[in-house]
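[1] Please work out how this folds:
(one chain, ligands or ions: 3)
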Amino acid sequence: MKAAIFHGPNQQLTIEDVKIDDPGPNEVLVKTAATGVCHSDLHFIEGLYPYPAPAILGHEAAGVVEAVGEHVDYVQPGDHVIACLSTFCGTCDYCTTGRPSLCSNKPGRGFTGKPYYTWDDKPVFQFLNVSSYAEKMLLHENTIVKINKDVPLEKAALIGCGVMTGVGAVLFTARIEAGSSVAVFGCGGVGLSAIQGARIGGARQIIAVDMLESKLATARELGATHVVDASSGDPVQQIKDITGGGVEYSFEAIGNKRAAEQSFECLQNGGTATIVGMIPVGQKIELDGTSFLFEKKVQGSNMGSNRFRRDMPRLVDFYQQGRLKLDEMITRTGKLEDINEAFRAMKAGEVARTVLTP
Ligand SMILES: NC(=O)c1ccc[n+]([C@@H]2O[C@H](COP(=O)([O-])OP(=O)(O)OC[C@H]3O[C@@H](n4cnc5c(N)ncnc54)[C@H](O)[C@@H]3O)[C@@H](O)[C@H]2O)c1
Ligand SMILES: [Zn+2]
Ligand SMILES: [Zn+2]
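    Numbers count the residues shown, from 1 in each chain. Ligands and ions are numbered 1, 2, ... in the order given. Model prediction:
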(Lines give C-alpha, C1' and ligand atoms only; values in the text may rest on other atoms or scores of the structure.)
(Ligands and ions follow the chains in the order given, each with its own letter.)
Protein backbone atom coordinates (compact mmCIF):
# COMPACT_ATOMS: atom_id res chain seq x y z
CA MET A 1 0.00 0.00 0.00
CA LYS A 2 1.01 3.64 -0.41
CA ALA A 3 1.93 5.55 2.75
CA ALA A 4 3.64 8.84 3.62
CA ILE A 5 6.86 8.14 5.49
CA PHE A 6 8.30 10.45 8.16
CA HIS A 7 12.11 10.30 8.01
CA GLY A 8 12.88 12.57 10.96
CA PRO A 9 12.46 16.24 11.97
CA ASN A 10 12.44 18.95 9.32
CA GLN A 11 12.43 16.56 6.37
CA GLN A 12 9.74 16.23 3.71
CA LEU A 13 7.52 13.15 3.99
CA THR A 14 7.86 10.79 1.01
CA ILE A 15 5.24 8.49 -0.49
CA GLU A 16 6.47 4.90 -0.47
CA ASP A 17 5.20 1.40 -1.11
CA VAL A 18 4.83 -0.11 2.38
CA LYS A 19 3.88 -3.63 3.42
CA ILE A 20 1.15 -3.84 6.08
CA ASP A 21 0.79 -6.90 8.33
CA ASP A 22 -2.35 -9.07 8.64
CA PRO A 23 -4.59 -8.27 11.64
CA GLY A 24 -3.60 -9.94 14.91
CA PRO A 25 -6.35 -11.46 17.14
CA ASN A 26 -7.60 -8.07 18.45
CA GLU A 27 -6.79 -5.96 15.41
CA VAL A 28 -8.80 -4.50 12.56
CA LEU A 29 -7.67 -3.64 9.03
CA VAL A 30 -9.33 -0.43 7.85
CA LYS A 31 -9.27 1.11 4.37
CA THR A 32 -8.56 4.80 4.95
CA ALA A 33 -11.35 6.81 3.32
CA ALA A 34 -10.20 10.21 4.58
CA THR A 35 -7.69 11.76 6.95
CA GLY A 36 -7.61 15.27 8.33
CA VAL A 37 -4.28 17.06 8.72
CA CYS A 38 -3.91 18.15 12.37
CA HIS A 39 -1.26 20.54 13.70
CA SER A 40 -0.03 17.92 16.17
CA ASP A 41 1.67 16.06 13.29
CA LEU A 42 3.42 19.30 12.35
CA HIS A 43 4.82 19.66 15.89
CA PHE A 44 6.50 16.24 15.40
CA ILE A 45 7.73 17.13 11.89
CA GLU A 46 9.21 20.36 13.26
CA GLY A 47 10.99 18.39 15.99
CA LEU A 48 9.17 20.18 18.84
CA TYR A 49 8.04 16.73 20.01
CA PRO A 50 10.28 13.70 19.42
CA TYR A 51 9.19 10.58 17.53
CA PRO A 52 11.27 7.68 16.19
CA ALA A 53 11.68 7.35 12.41
CA PRO A 54 10.74 5.92 10.03
CA ALA A 55 7.07 6.27 10.96
CA ILE A 56 3.73 6.84 9.23
CA LEU A 57 2.15 9.99 10.70
CA GLY A 58 -1.55 10.98 10.67
CA HIS A 59 -4.12 10.37 13.40
CA GLU A 60 -7.47 11.95 12.36
CA ALA A 61 -9.24 9.48 10.11
CA ALA A 62 -12.30 7.51 9.10
CA GLY A 63 -12.61 4.47 6.91
CA VAL A 64 -14.21 1.13 6.11
CA VAL A 65 -13.37 -2.14 7.86
CA GLU A 66 -11.75 -4.63 5.48
CA ALA A 67 -10.77 -7.51 7.77
CA VAL A 68 -10.88 -8.35 11.48
CA GLY A 69 -8.76 -10.54 13.78
CA GLU A 70 -10.14 -13.76 15.24
CA HIS A 71 -11.17 -12.23 18.60
CA VAL A 72 -12.86 -9.12 17.21
CA ASP A 73 -16.64 -9.10 17.39
CA TYR A 74 -17.24 -5.33 17.75
CA VAL A 75 -17.07 -4.70 13.98
CA GLN A 76 -17.22 -6.68 10.75
CA PRO A 77 -16.03 -6.02 7.21
CA GLY A 78 -17.99 -3.21 5.59
CA ASP A 79 -18.58 -1.28 8.84
CA HIS A 80 -17.75 2.44 8.82
CA VAL A 81 -15.48 3.58 11.63
CA ILE A 82 -13.65 6.61 13.02
CA ALA A 83 -10.18 5.99 14.47
CA CYS A 84 -9.23 7.68 17.75
CA LEU A 85 -5.73 7.70 19.20
CA SER A 86 -7.25 7.36 22.70
CA THR A 87 -6.91 3.56 22.61
CA PHE A 88 -8.19 2.16 25.91
CA CYS A 89 -7.42 -1.06 27.77
CA GLY A 90 -10.67 -1.10 29.76
CA THR A 91 -9.03 -2.40 32.94
CA CYS A 92 -6.60 0.24 34.31
CA ASP A 93 -7.59 2.73 37.03
CA TYR A 94 -8.25 5.47 34.49
CA CYS A 95 -10.43 3.28 32.28
CA THR A 96 -12.42 1.84 35.16
CA THR A 97 -13.05 5.28 36.68
CA GLY A 98 -14.43 6.75 33.47
CA ARG A 99 -11.33 8.49 32.12
CA PRO A 100 -10.24 6.16 29.29
CA SER A 101 -8.51 8.94 27.34
CA LEU A 102 -5.86 8.87 30.10
CA CYS A 103 -5.46 5.05 29.88
CA SER A 104 -2.09 4.06 31.32
CA ASN A 105 -1.95 0.62 29.71
CA LYS A 106 -2.84 1.21 26.06
CA PRO A 107 -2.92 -2.13 24.27
CA GLY A 108 -1.01 -2.59 21.01
CA ARG A 109 2.24 -3.93 19.62
CA GLY A 110 4.29 -0.96 20.87
CA PHE A 111 7.71 -0.14 19.46
CA THR A 112 9.19 -3.56 20.21
CA GLY A 113 6.47 -6.00 19.04
CA LYS A 114 6.08 -7.42 15.54
CA PRO A 115 6.06 -4.39 13.20
CA TYR A 116 2.72 -3.21 11.82
CA TYR A 117 4.45 -2.06 8.64
CA THR A 118 7.69 -2.76 6.80
CA TRP A 119 9.38 -0.78 4.06
CA ASP A 120 12.35 -2.35 2.26
CA ASP A 121 12.04 -5.17 4.85
CA LYS A 122 12.72 -2.70 7.68
CA PRO A 123 10.15 -1.85 10.41
CA VAL A 124 8.14 1.37 10.20
CA PHE A 125 6.63 2.73 13.44
CA GLN A 126 2.95 3.34 14.01
CA PHE A 127 2.18 6.91 15.09
CA LEU A 128 -0.11 7.50 18.09
CA ASN A 129 -1.88 4.14 17.57
CA VAL A 130 -3.28 5.26 14.20
CA SER A 131 -0.92 6.16 11.25
CA SER A 132 -3.55 7.48 8.84
CA TYR A 133 -1.40 8.95 6.04
CA ALA A 134 -1.70 5.60 4.31
CA GLU A 135 -4.14 3.69 2.14
CA LYS A 136 -4.87 1.29 5.02
CA MET A 137 -4.64 1.34 8.82
CA LEU A 138 -4.00 -1.64 11.08
CA LEU A 139 -5.64 -0.72 14.39
CA HIS A 140 -6.29 -2.25 17.77
CA GLU A 141 -10.06 -2.78 18.07
CA ASN A 142 -10.15 -0.35 21.03
CA THR A 143 -8.96 2.41 18.67
CA ILE A 144 -12.14 2.51 16.58
CA VAL A 145 -15.79 3.45 16.93
CA LYS A 146 -18.56 2.36 14.59
CA ILE A 147 -20.67 5.10 12.98
CA ASN A 148 -23.72 5.43 10.70
CA LYS A 149 -23.05 4.55 7.10
CA ASP A 150 -24.98 7.59 5.91
CA VAL A 151 -22.45 10.19 7.11
CA PRO A 152 -19.74 11.10 4.57
CA LEU A 153 -16.41 9.70 5.76
CA GLU A 154 -14.43 12.82 4.79
CA LYS A 155 -16.57 14.77 7.30
CA ALA A 156 -16.46 12.03 9.94
CA ALA A 157 -12.64 11.97 9.75
CA LEU A 158 -12.44 15.41 11.42
CA ILE A 159 -14.23 14.06 14.47
CA GLY A 160 -11.29 11.65 14.97
CA CYS A 161 -9.12 14.35 16.52
CA GLY A 162 -9.67 18.08 16.02
CA VAL A 163 -13.43 18.17 16.51
CA MET A 164 -13.47 15.74 19.44
CA THR A 165 -10.59 17.66 21.02
CA GLY A 166 -12.14 21.12 20.69
CA VAL A 167 -15.76 20.25 21.45
CA GLY A 168 -14.69 17.88 24.24
CA ALA A 169 -12.39 20.43 25.89
CA VAL A 170 -15.42 22.69 26.34
CA LEU A 171 -18.12 20.15 27.18
CA PHE A 172 -16.17 17.38 28.94
CA THR A 173 -12.95 18.90 30.34
CA ALA A 174 -14.18 22.38 31.35
CA ARG A 175 -17.90 21.46 31.44
CA ILE A 176 -19.08 25.02 30.87
CA GLU A 177 -22.55 26.07 32.02
CA ALA A 178 -25.16 27.51 29.66
CA GLY A 179 -24.86 31.31 29.71
CA SER A 180 -21.07 31.29 30.28
CA SER A 181 -18.51 33.63 28.76
CA VAL A 182 -15.80 31.88 26.78
CA ALA A 183 -12.60 32.93 24.96
CA VAL A 184 -10.86 30.64 22.47
CA PHE A 185 -7.25 31.38 21.48
CA GLY A 186 -6.46 30.02 18.00
CA CYS A 187 -9.06 29.38 15.30
CA GLY A 188 -7.65 26.37 13.46
CA GLY A 189 -9.41 23.01 13.39
CA VAL A 190 -9.22 22.59 17.17
CA GLY A 191 -10.13 26.17 18.14
CA LEU A 192 -13.05 26.34 15.68
CA SER A 193 -14.32 23.11 17.24
CA ALA A 194 -14.01 24.61 20.73
CA ILE A 195 -16.05 27.57 19.48
CA GLN A 196 -18.69 25.12 18.27
CA GLY A 197 -18.57 23.27 21.59
CA ALA A 198 -19.21 26.58 23.35
CA ARG A 199 -22.15 27.30 21.03
CA ILE A 200 -23.60 23.80 21.55
CA GLY A 201 -23.07 24.19 25.32
CA GLY A 202 -25.06 27.43 25.33
CA ALA A 203 -22.30 29.98 25.97
CA ARG A 204 -23.57 33.55 25.95
CA GLN A 205 -20.34 35.21 24.84
CA ILE A 206 -17.85 33.37 22.63
CA ILE A 207 -14.74 35.43 21.91
CA ALA A 208 -12.49 34.10 19.14
CA VAL A 209 -8.83 35.18 19.15
CA ASP A 210 -6.49 34.73 16.16
CA MET A 211 -3.86 36.65 14.21
CA LEU A 212 -5.55 36.17 10.82
CA GLU A 213 -8.67 37.94 9.59
CA SER A 214 -9.72 34.91 7.50
CA LYS A 215 -9.70 32.66 10.59
CA LEU A 216 -11.76 35.17 12.56
CA ALA A 217 -14.32 35.30 9.72
CA THR A 218 -14.72 31.50 9.88
CA ALA A 219 -14.94 31.72 13.68
CA ARG A 220 -17.89 34.11 13.36
CA GLU A 221 -19.56 31.76 10.91
CA LEU A 222 -19.21 28.86 13.36
CA GLY A 223 -20.52 30.63 16.44
CA ALA A 224 -18.18 33.33 17.77
CA THR A 225 -20.12 36.33 19.07
CA HIS A 226 -16.98 38.53 19.21
CA VAL A 227 -13.58 38.38 17.53
CA VAL A 228 -10.22 39.73 18.69
CA ASP A 229 -7.33 40.21 16.28
CA ALA A 230 -4.24 39.40 18.36
CA SER A 231 -1.95 40.80 15.66
CA SER A 232 -3.15 44.32 16.46
CA GLY A 233 -2.45 44.52 20.18
CA ASP A 234 -2.93 42.78 23.52
CA PRO A 235 -5.89 40.38 23.30
CA VAL A 236 -6.22 40.24 27.11
CA GLN A 237 -7.30 43.85 27.48
CA GLN A 238 -9.72 43.52 24.56
CA ILE A 239 -11.32 40.44 26.16
CA LYS A 240 -11.62 42.28 29.50
CA ASP A 241 -13.24 45.23 27.72
CA ILE A 242 -15.76 43.01 25.92
CA THR A 243 -16.73 41.09 29.06
CA GLY A 244 -16.38 43.84 31.64
CA GLY A 245 -13.60 42.11 33.58
CA GLY A 246 -12.73 38.75 32.01
CA VAL A 247 -14.19 35.44 30.87
CA GLU A 248 -15.35 32.50 32.95
CA TYR A 249 -13.70 29.97 30.63
CA SER A 250 -10.79 30.25 28.22
CA PHE A 251 -9.20 27.71 25.89
CA GLU A 252 -5.72 27.81 24.36
CA ALA A 253 -5.77 25.97 21.00
CA ILE A 254 -2.44 27.02 19.49
CA GLY A 255 0.43 25.44 21.43
CA ASN A 256 2.04 28.79 22.19
CA LYS A 257 3.57 29.74 25.56
CA ARG A 258 2.48 33.38 25.45
CA ALA A 259 -1.07 32.55 24.33
CA ALA A 260 -1.34 30.02 27.17
CA GLU A 261 -0.35 32.78 29.61
CA GLN A 262 -2.84 35.17 28.00
CA SER A 263 -5.59 32.55 28.31
CA PHE A 264 -5.01 32.65 32.09
CA GLU A 265 -4.64 36.46 32.26
CA CYS A 266 -8.02 37.05 30.56
CA LEU A 267 -10.01 35.16 33.25
CA GLN A 268 -12.42 36.76 35.68
CA ASN A 269 -12.09 35.73 39.34
CA GLY A 270 -12.92 32.04 39.70
CA GLY A 271 -12.38 31.43 35.97
CA THR A 272 -10.75 28.40 34.40
CA ALA A 273 -8.18 28.28 31.58
CA THR A 274 -7.93 24.99 29.67
CA ILE A 275 -4.71 24.44 27.73
CA VAL A 276 -5.40 22.30 24.66
CA GLY A 277 -2.47 23.29 22.42
CA MET A 278 0.76 21.28 22.55
CA ILE A 279 3.26 23.58 24.24
CA PRO A 280 6.73 22.59 22.90
CA VAL A 281 8.56 20.03 25.05
CA GLY A 282 10.64 21.70 27.77
CA GLN A 283 8.85 25.08 27.65
CA LYS A 284 7.33 26.43 30.86
CA ILE A 285 4.40 28.82 31.10
CA GLU A 286 4.50 31.62 33.68
CA LEU A 287 1.44 32.56 35.71
CA ASP A 288 0.90 35.38 38.20
CA GLY A 289 0.96 33.74 41.66
CA THR A 290 -1.52 36.10 43.34
CA SER A 291 -4.20 35.10 40.81
CA PHE A 292 -4.70 31.84 42.71
CA LEU A 293 -6.03 33.86 45.67
CA PHE A 294 -8.88 34.76 43.35
CA GLU A 295 -9.57 31.11 42.55
CA LYS A 296 -8.34 31.33 38.96
CA LYS A 297 -7.57 27.84 37.65
CA VAL A 298 -5.55 26.29 34.87
CA GLN A 299 -5.86 22.74 33.56
CA GLY A 300 -4.86 20.55 30.64
CA SER A 301 -7.09 18.63 28.24
CA ASN A 302 -6.20 15.46 26.37
CA MET A 303 -8.29 14.71 23.27
CA GLY A 304 -11.23 16.53 24.84
CA SER A 305 -11.40 14.11 27.79
CA ASN A 306 -13.28 11.81 25.43
CA ARG A 307 -15.06 8.52 25.91
CA PHE A 308 -14.97 8.20 22.17
CA ARG A 309 -17.13 5.08 21.78
CA ARG A 310 -19.96 7.15 23.29
CA ASP A 311 -19.00 10.66 22.20
CA MET A 312 -18.09 10.32 18.52
CA PRO A 313 -21.47 8.89 17.41
CA ARG A 314 -23.07 11.76 19.34
CA LEU A 315 -20.95 14.27 17.40
CA VAL A 316 -22.06 12.55 14.17
CA ASP A 317 -25.68 13.08 15.30
CA PHE A 318 -24.96 16.75 15.99
CA TYR A 319 -23.52 17.04 12.46
CA GLN A 320 -26.53 15.36 10.89
CA GLN A 321 -28.86 17.63 12.87
CA GLY A 322 -26.97 20.69 11.58
CA ARG A 323 -25.75 21.63 15.07
CA LEU A 324 -22.09 20.77 14.46
CA LYS A 325 -20.70 22.30 11.28
CA LEU A 326 -18.04 20.22 9.57
CA ASP A 327 -18.41 21.16 5.88
CA GLU A 328 -17.37 24.74 6.68
CA MET A 329 -14.19 23.52 8.40
CA ILE A 330 -12.83 21.69 5.35
CA THR A 331 -11.11 24.42 3.37
CA ARG A 332 -9.00 22.14 1.18
CA THR A 333 -8.99 18.55 -0.04
CA GLY A 334 -6.30 16.46 -1.69
CA LYS A 335 -4.64 13.09 -2.15
CA LEU A 336 -1.91 11.45 -0.08
CA GLU A 337 0.67 13.03 -2.39
CA ASP A 338 -0.48 16.50 -1.24
CA ILE A 339 0.64 15.93 2.35
CA ASN A 340 3.70 18.23 2.33
CA GLU A 341 1.65 20.97 0.66
CA ALA A 342 -1.00 20.53 3.38
CA PHE A 343 1.59 21.24 6.08
CA ARG A 344 2.90 24.26 4.17
CA ALA A 345 -0.65 25.63 3.92
CA MET A 346 -1.22 25.00 7.63
CA LYS A 347 1.97 26.90 8.56
CA ALA A 348 0.92 29.76 6.28
CA GLY A 349 -2.51 29.90 7.98
CA GLU A 350 -4.30 29.28 4.67
CA VAL A 351 -6.59 26.49 5.88
CA ALA A 352 -8.93 25.55 8.73
CA ARG A 353 -8.52 21.86 7.84
CA THR A 354 -7.15 19.96 4.86
CA VAL A 355 -8.70 16.54 4.31
CA LEU A 356 -6.83 13.97 2.22
CA THR A 357 -8.53 10.99 0.59
CA PRO A 358 -5.87 8.30 0.17
N1 LIG B 1 -4.59 18.39 23.71
C2 LIG B 1 -4.89 17.58 22.70
O3 LIG B 1 -5.34 16.46 22.93
C4 LIG B 1 -4.71 18.05 21.29
C5 LIG B 1 -5.34 17.37 20.25
C6 LIG B 1 -5.23 17.89 18.95
C7 LIG B 1 -4.46 19.02 18.71
N8 LIG B 1 -3.84 19.62 19.75
C9 LIG B 1 -3.04 20.85 19.56
O10 LIG B 1 -3.93 21.95 19.40
C11 LIG B 1 -3.22 23.01 18.74
C12 LIG B 1 -4.06 23.55 17.60
O13 LIG B 1 -4.17 22.58 16.56
P14 LIG B 1 -4.85 22.95 15.16
O15 LIG B 1 -4.77 21.72 14.32
O16 LIG B 1 -6.14 23.65 15.36
O17 LIG B 1 -3.77 24.03 14.61
P18 LIG B 1 -3.89 25.12 13.43
O19 LIG B 1 -2.52 25.39 12.96
O20 LIG B 1 -4.92 24.67 12.44
O21 LIG B 1 -4.49 26.41 14.17
C22 LIG B 1 -3.76 27.26 15.00
C23 LIG B 1 -4.36 28.66 14.90
O24 LIG B 1 -3.71 29.52 15.83
C25 LIG B 1 -3.50 30.79 15.24
N26 LIG B 1 -2.39 31.44 15.98
C27 LIG B 1 -1.07 31.20 15.90
N28 LIG B 1 -0.39 31.96 16.78
C29 LIG B 1 -1.31 32.73 17.43
C30 LIG B 1 -1.25 33.70 18.48
N31 LIG B 1 -0.08 34.04 19.04
N32 LIG B 1 -2.40 34.25 18.92
C33 LIG B 1 -3.60 33.91 18.38
N34 LIG B 1 -3.71 32.98 17.39
C35 LIG B 1 -2.59 32.40 16.93
C36 LIG B 1 -3.21 30.47 13.79
O37 LIG B 1 -3.45 31.58 12.93
C38 LIG B 1 -4.18 29.31 13.53
O39 LIG B 1 -5.44 29.77 13.06
C40 LIG B 1 -1.88 22.40 18.30
O41 LIG B 1 -0.89 22.70 19.26
C42 LIG B 1 -2.17 20.91 18.33
O43 LIG B 1 -1.03 20.12 18.46
C44 LIG B 1 -3.94 19.17 21.03
ZN1 LIG C 1 -4.75 15.85 16.27
ZN1 LIG D 1 -6.78 1.69 30.51
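[2] And the closest residue to ligand 2 within the stretch 151-300 of the chain, what's its pLDDT?
    Nearest residue of the stretch 151-300 of the chain to ligand 2: Cys161, at 3.3 Å (C-beta to the ion). C-beta: built from backbone N, CA, C; applies to glycine. Looking at Cys161, its pLDDT is 98.
[3] Against Gly349, how distant is the nearest residue to it once chain neighbours are set aside?
    Leaving aside its sequence neighbours, Cys161 sits nearest to Glu60 (C-beta to C-beta, 6 or more residues apart in numbering; 3.8 Å). For Glu60, the distance to Gly349 equals 19 Å [C-beta to C-beta, to the nearest Å].
[4] Compare the two (neighbour count), which wins?
    The residue with more neighbours, out of Glu60 and Gly349, is Glu60; 30 against 14, by other C-beta atoms under 10 Å.
[5] who touches the more buried one in this structure?
    For Glu60, the contact set (C-beta atoms under 8 Å, 6 or more residues apart in numbering) comprises 35-38, 132, 157-158, 160-162.
[6] quick one: it from Arg353, how far?
    From Glu60 over to Arg353 the distance is 9 Å, taken as C-beta to C-beta.
[7] Please name the spatially closest residue to Val65 (chain neighbours excluded).
    Asp79 (4.5 Å).
[8] Please verify my assumption that that neighbour contacts Glu66.
    No: using C-beta atoms under 8 Å, Asp79 is not in contact with Glu66, being 10.0 Å away.
[9] Burial check on Leu293, number of neighbours?
    Residues lying near Leu293 (other C-beta under 10 Å) number 8.
[10] Next: Thr118.
    If you count neighbours by other C-beta under 10 Å, Thr118 ends up with 14.
[11] In contact with it, which residues?
    18-19, 21, 124.
[12] Among these, the buried ones, what's the PyMOL command?
    Applying 16 or more other C-beta atoms under 10 Å to the contacts of Thr118, the buried members can be selected in PyMOL as follows:
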select buried, resi 18+124
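[13] Going by distance to ligand 3, which of the contacts of Thr118 wins?
    Distances from ligand 3 to the contacts of Thr118, taken by C-beta to the ion, are shortest for Asp21, at 23.9 Å.
[14] what's the pLDDT at that closest one?
    For Asp21, pLDDT reads 98.
[15] And the helix or strand that contains Val81, what does it pack against?
    Using DSSP states H and E, the element containing Val81 is strand 80-83. Strand 80-83 is packed against strand 27-36, strand 61-68, strand 144-147, helix 153-158, with contacts defined by 3 or more C-beta pairs under 8 Å, 6 or more residues apart in numbering; DSSP states H and E.
[16] Just the ones in strands from the contacts of Thr118, please.
    The strands, defined by DSSP state E, take in 19, 124 from the contacts of Thr118.
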